[in-house]
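[1] I would like the atomic coordinates for the input below:
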Amino acid sequence: MRTSVVAGALVGCVLASPVLAWGPIVHPLVVRGAIDTLPKQMKSYYKRHRLEIPSLSLEPAVPERGPERRFAVDRLLPYPFPDLPHTEPALKQRFGDDAASVGRLPWLIHESYQRLVEAFRALDKQKILEESDTLAGLIADLHNPLSLTENFDGQKTDQHGLWVRLTVKLPEAVERDLKLDSVGSFYLDDPREYVSSMLSQSYVWVDNVLYADELARRGKAGYGTIYYDHFRDRVIAVLRERLSQAARDAGSYWYTAWTDAGRPELK
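    Numbering: from 1, shown residues only. Next up is the predicted model:
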């Protein structure tokens, strides 16, 4: 899962993306957290069928995440991304070939949400559970600040390997302490526009993560136990906040999809 970065190879593209946006701990953690945010009828349904959800099954399925499951928005515009188009055609019209190089994460969320609405309308249990899982994973990806920057691996600031340190090794190190805040889900008036809100709220943490990694590395010969102790102290609050918000947002998308499908009875 380590990204190989060659100087200059990212000119014109952001393709050297890690296989996973988060390590294997995070996706099921967000799914379980999302279930806890749901209203009673939906929560009972998902808990009853939790072992049929791919990431929570006895043999969990881990989807591959290629470069499409990113959105290096700072390659197109500086924060706070004024006038960023909210549809893929509009983005392509404005930025041309550059639009194709940053990833498709927002549009993948839109597409997954529509499939979930249709699954609820059809009362197709397997598709409901599978698409809910897919959508939660995409939303978790969007809540990873490094998914939204061209400097995703710290390669532009001499912090190579940051992706694995933040998304895989740190969650593994703090798994026992990584308790999410299960704030209740809510109805999204405009699911498409809400993606832009999630994007902005995630991106503001990019500089914090970079700085925390730099401070934790200072004066150390490598990335050993002492580094991770210091990195943990500086980043665990950010990690918990991002994943708690991802769980709430995933639950909100599920709830909104069920509502927009007419609130069918779930069994």
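[2] okay, the residue nearest to the spatial centre of the chain: pLDDT?
    Centrality entry for the chain: nearest residue to the mean C-alpha point is residue 141, 1.6 Å, by CA atoms, centre = their mean. With respect to pLDDT, residue 141 has a value of 97.
[3] list the contacts for it?
    For residue 141, the contact set (CB atoms under 8 Å, 6 or more residues apart in numbering) comprises 21, 22, 65, 69, 70, 105, 147. The C-beta positions use only the backbone N, C-alpha and C, and glycine is treated the same way.
[4] isn't the fourth one up against residue 21?
    Yes - taking CB atoms under 8 Å as the contact criterion, residue 69 and residue 21 are neighbours in contact, 5.7 Å apart.
[5] which residues do the two both contact?
    Joint contacts of residue 69 and residue 21 (CB under 8 Å, 6+ apart) are 141, 147.
[6] averaged pLDDT, the longest helix that the chain contains. What do you get?
    Determined from DSSP state H, the single longest helix within the chain is helix 225-260. Taken as a whole, helix 225-260 carries a mean pLDDT of 97.
[7] in it, what counts as buried?
    227-228, 230-232, 234-236, 239-240, 242-258, 260 (16 or more other CB atoms under 10 Å).
[8] from the contact counts, what lies against that helix?
    Under the contact criterion of 3 or more CB pairs under 8 Å, 6 or more residues apart in numbering; DSSP states H and E, helix 225-260 touches helix 26-36, helix 40-48, helix 105-122, helix 125-142, helix 170-173, helix 191-203, helix 206-217.
[9] ok and that helix relative to helix 125-142, angle-wise?
    Taking axes from the mean of the first three to the mean of the last three CA atoms, to 10 degrees, one finds that helix 225-260 is oriented at 130 degrees with respect to helix 125-142.
[10] kindly reformat the helices and strands packed on helix 225-260 as a markdown table and extend each row with distance to residue 56.
    A markdown table is the format used below for these (distance: least, CB to CB, whole Å):
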| stretch | distance to residue 56 |
| --- | --- |
| helix 26-36 | 6 |
| helix 40-48 | 9 |
| helix 105-122 | 17 |
| helix 125-142 | 8 |
| helix 170-173 | 17 |
| helix 191-203 | 23 |
| helix 206-217 | 28 |
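[11] so which of those is nearest residue 92?
    helix 105-122 (10.4 Å; CB to CB).
[12] any idea how far that closest one is from the middle of the chain?
    The chain centre lies 16 Å from the centre of helix 105-122; the measure is CA atoms, centre = their mean, to the nearest Å.
[13] that one packs against which elements?
    helix 125-142, helix 191-203, helix 225-260.
[14] and that helix with helix 191-203, angle?
    140 degrees.
[15] assign residue 80 to helix, strand or coil.
    Per DSSP: H, G, I helix; E, B strand; the rest coil, the local secondary structure of residue 80 is coil.
[16] same check on residue 61?
    coil.
[17] residues in contact with the residue nearest to it when sequence neighbours are not counted?
    Among residues not flanking residue 61 along the chain, residue 54 sits closest, at 4.0 Å (CB to CB, 6 or more residues apart in numbering). Going by CB under 8 Å, 6+ apart, residue 54 touches 60, 61, 63, 129, 130, 133.
[18] now for the last one, how many residues are close by?
    To tie it back to what came earlier, the one meant is residue 133. Other residues near residue 133 number 26, with proximity taken as other CB atoms under 10 Å.
[19] over to the first one?
    Residue crowding around residue 60 was assessed by other CB under 10 Å; the count is 14.
[20] which regions of the stretch 1-150 of the chain sit below the pLDDT cut-off?
    Residues of the stretch 1-150 of the chain meeting the criterion pLDDT under 70: 1-20, 63-64.
[21] the contacts of residue 141 in helices, which ones?
    Using DSSP H, residue 105 are the members of the contacts of residue 141 that sit in helices.
[22] for the contacts of residue 141, give me a markdown table that also has distance to residue 267 and neighbour count.
    As requested, the contacts of residue 141 are exported to a markdown table (distance: CB to CB, whole Å; neighbours: other CB atoms under 10 Å):
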| residue | distance to residue 267 | neighbour count |
| --- | --- | --- |
| 21 | 33 | 25 |
| 22 | 32 | 25 |
| 65 | 32 | 21 |
| 69 | 32 | 23 |
| 70 | 37 | 26 |
| 105 | 33 | 25 |
| 147 | 36 | 28 |
